[in-house]
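Enquirer: With the sequence up front, the predicted model follows.
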Amino acid sequence: MRAAIYFTPAKDDPLTMRAAEWLGRDAFDDRVARDRDQVMDALVSDPARYGFHATLKAPFRLADGRTLTDLDRELAELSQRMPAVPLGMLAITRLGRFFALTVQDTPPQLLEAEEAIRMAFESFRAPLSEQEVARRNPQGLSERQQMNLTRWGYPYVGHDFRFHMTLTNAIMDEDEAVHVESRLRSHFSPVLETPVVMDALALFVEPEPGAAFYVHSRHPLQSAILS
């Protein structure tokens, strides 16, 4: 079993519903969200398995003596102290070979939240196994990212953190990438004019290796509780 701390909008948020239709799966209830389509399923298999999210604490096995109940309780307590973060309007962005929704300008509060979450739950994380390290392809990482992987179990933290909500697998063919980008813009255009607020922290769980992640709990952040 692995746990992860993500941001995902509420289940009934229009962005969540659009993403579920695109990915074919709703991580809140594991509902199939569109008709099966072999081409689409092959395009989105990885983000569909992980669920629609932005990573704040990458998936990790629990350290000895730590429980999911303890993790959920501490996440709830932290959420009550942490302010919500306005993200502005998200944009369809090509990141290397895949597409994601990203912030257009990273607010300082988002970087502060990532650091606070990463540090607060580090004691819950079991060390990476050799196989887990190898899956991150450390030879392809920068020196700083390799240090992050060793220290935090994930390369893209701190200065290398970038808020993104993955929407596709890697796309190797350029013509296909152009076509997919057009489809993404058409599909998400009804919701991309609405500013997004990171208003909660979600605990996602992978019950066993290779299984789909699901939303175990979602805890409102401070200003979301007060509003």
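Expert: Received it, and whenever you're ready, just let me know what you need.
Enquirer: before we move on, could you check phi and psi at residue 54?
Expert: When read as degrees, to the nearest 10, the backbone of residue 54 gives phi -120, psi 130.
Enquirer: Would you mind naming the residues that bridge with it?
Expert: Beta-bridge partners recorded for residue 54 (DSSP bridges): residue 7.
Enquirer: so where's the chain uncertain?
Expert: Along the chain, the model assigns pLDDT under 70 to residues 33, 224-227.
Enquirer: any idea how far residue 204 is from the residue nearest the centre of it?
Expert: By C-alpha atoms, centre = their mean, the chain has its centre lying nearest to residue 54, at 2.7 Å. Residue 54 is 11 Å from residue 204, where distance means C-beta to C-beta, to the nearest Å. (C-beta placed from N, C-alpha, C; glycine too.)
Enquirer: Please enumerate the shared neighbours of these two.
Expert: Jointly contacting residue 54 and residue 204 under the rule C-beta atoms under 8 Å, 6 or more residues apart in numbering are 6, 8.
Enquirer: hang on, isn't residue 76 packed against residue 219?
Expert: Yes: counting by C-beta atoms under 8 Å, residue 76 does reach residue 219; the two are 4.8 Å apart.
Enquirer: which of the two has more neighbours?
Expert: Per other C-beta atoms under 10 Å, whichever of residue 76 and residue 219 has more neighbours is residue 219, with 19 against 14.
Enquirer: Show me what that one is bridged to.
Expert: With DSSP bridges as the rule, residue 219 is bridged to residue 201.
Enquirer: quick one: which helix or strand includes the residue sitting furthest away from the middle of the chain?
Expert: The C-alpha centroid of the chain is most remote from residue 175, which lies 27.0 Å away (C-alpha atoms, centre = their mean). Per DSSP states H and E: residue 175 is located in helix 174-188.
Enquirer: Mind giving me the packing neighbours of that helix?
Expert: helix 14-23, strand 90-95, strand 98-103 (3 or more C-beta pairs under 8 Å, 6 or more residues apart in numbering; DSSP states H and E).
Enquirer: Can I get the second one as PDB, trimmed to CA atoms?
Expert: I take that to be strand 90-95. Extracted in PDB, the C-alpha atoms of strand 90-95 (Å, rounded to 0.1, in the frame of the first residue of the first chain):
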ATOM      1  CA  LEU A  90      -5.100  26.900 -15.100                       C
ATOM      2  CA  ALA A  91      -3.700  26.400 -18.600                       C
ATOM      3  CA  ILE A  92      -3.200  23.400 -20.900                       C
ATOM      4  CA  THR A  93       0.600  23.000 -21.100                       C
ATOM      5  CA  ARG A  94       2.900  20.600 -22.800                       C
ATOM      6  CA  LEU A  95       5.600  19.400 -20.300                       C
END
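Enquirer: So what are the sheet partners of it and their directions?
Expert: Checking strand 90-95 against DSSP bridges gives partners strand 98-103 (antiparallel).
Enquirer: helix or strand right after the partner strand?
Expert: Next along from strand 98-103, by DSSP H and E: helix 108-120.
Enquirer: now for that following helix, which elements pack on it?
Expert: Secondary elements touching helix 108-120 (3+ C-beta pairs under 8 Å, 6+ apart): strand 54-61, helix 68-81, strand 85-88.
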